[in-house]
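**Q** Let me see the structure of the following:
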Amino acid sequence: MKIKSNKSKKKEIRTKILDKRKNFNKRKNEIKFKKIFNILLKEKFFNKKIGGYFPINCELDDLNLLKQFEEKGYLICLPVIRKNHQMYFSKWSYGDPLKINDLGIPEPVVKKKVLPDIFLVPMVAFDFKRNRLGYGGGYYDTFIKKINKIKKSIKIGLAFSFQRIKKIPMSKHDQSLDYVVTDKYIL
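**A** Predicted structure coming up:
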């Protein structure tokens, strides 16, 4: 009997969940602002730099959340992808121009680095331990590991409830999240 590697298990999960997400009813693809804001209140976390993402591949849309945070005085930022699986966050204001990067993801045109205190993190799948499976590039895992050495931050994964699986096959570089917020519940 052949045992699957973590890499092949992850690939299998990605294929299954991405296909399911693509066919999901997209009318309800955002999270209520109050869910996220209540987490920050509960944590007594009043730092004002929040990093989001530009939704692709039918990801849960966080742009309205970012707009509402900006209206409440938060500095918002989006990721900028670099070579060697590196990324940083750049200041962005809702409505500022974006350009498409080499991976086909919109990112800020003006590059002004920011170290967010709060991260809204996209994902392909997650488990009850708040382990996250992304697209396989390692960008978020690398950045989260780096930021954890610099300062306290809150990492909030956003996903549809059907993206939960029993167990994410973890590798040594994978980073878990502080919270996962779905359309139905919060972990």
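
**Q** Identify each buried residue in the strand ranked longest in the chain, please.
**A** When the chain is scanned for its longest strand (criterion: DSSP state E), the result is strand 75-81. Of the residues in strand 75-81, 75-80 count as buried by neighbour count, 16 or more other Cβ atoms under 10 Å. Every C-beta, even on glycine, is put in place using the N, C-alpha and C of the backbone.

**Q** How about stretch 16-33?
**A** For stretch 16-33, by 16+ other Cβ under 10 Å, it's 17-18, 21, 29, 31, 33.

**Q** Skipping adjacent residues, who's closest to Ser90 in space?
**A** Nearest residue to Ser90, sequence neighbours excluded (Cβ to Cβ, 6 or more residues apart in numbering): Pro108, at 4.3 Å.

**Q** Closest one of the buried residues of strand 75-81 to Val181?
**A** Distances from Val181 to those, taken as Cβ to Cβ, are shortest for Ile76 (17.2 Å).

**Q** ok, now which ones touch the closest one?
**A** 50-52, 66, 69-70, 91-94 (Cβ atoms under 8 Å, 6 or more residues apart in numbering).

**Q** Would you reformat those residues as a markdown table and include pLDDT?
**A** Below are the contacts of Ile76 laid out as a markdown table (pLDDT from 0 to 100):
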| residue | pLDDT |
| --- | --- |
| Ile50 | 95 |
| Gly51 | 96 |
| Gly52 | 96 |
| Leu66 | 95 |
| Phe69 | 93 |
| Glu70 | 94 |
| Lys91 | 96 |
| Trp92 | 96 |
| Ser93 | 94 |
| Tyr94 | 85 |
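
**Q** Other residues contacting the longest helix anywhere in the chain?
**A** With secondary structure taken from DSSP state H, the chain has its longest helix at helix 6-22. Helix 6-22 is contacted by residues 4, 57-59, 124-125, 133, 135-136, 160, 162-163, 165, 168-171 when judged by Cβ under 8 Å, 6+ apart.

**Q** follow-up on the earlier one: spell out which two among the buried residues of stretch 16-33 are the most distant pair, please.
**A** Farthest pair in these (Cβ to Cβ) is Leu18 and Phe33. Separation: 26.3 Å.

**Q** Restrict the longest strand of the chain to CA atoms and write it as PDB.
**A** Taking Å, rounded to 0.1, in the frame of the first residue of the first chain, the C-alpha atoms of strand 75-81 are listed here in PDB:
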ATOM      1  CA  LEU A  75      -4.800  52.000   8.100                       C
ATOM      2  CA  ILE A  76      -5.500  49.200   5.500                       C
ATOM      3  CA  CYS A  77      -3.000  47.400   3.400                       C
ATOM      4  CA  LEU A  78      -2.700  44.700   0.800                       C
ATOM      5  CA  PRO A  79       0.000  42.100   0.100                       C
ATOM      6  CA  VAL A  80       2.700  42.700  -2.500                       C
ATOM      7  CA  ILE A  81       4.300  39.500  -3.900                       C
END
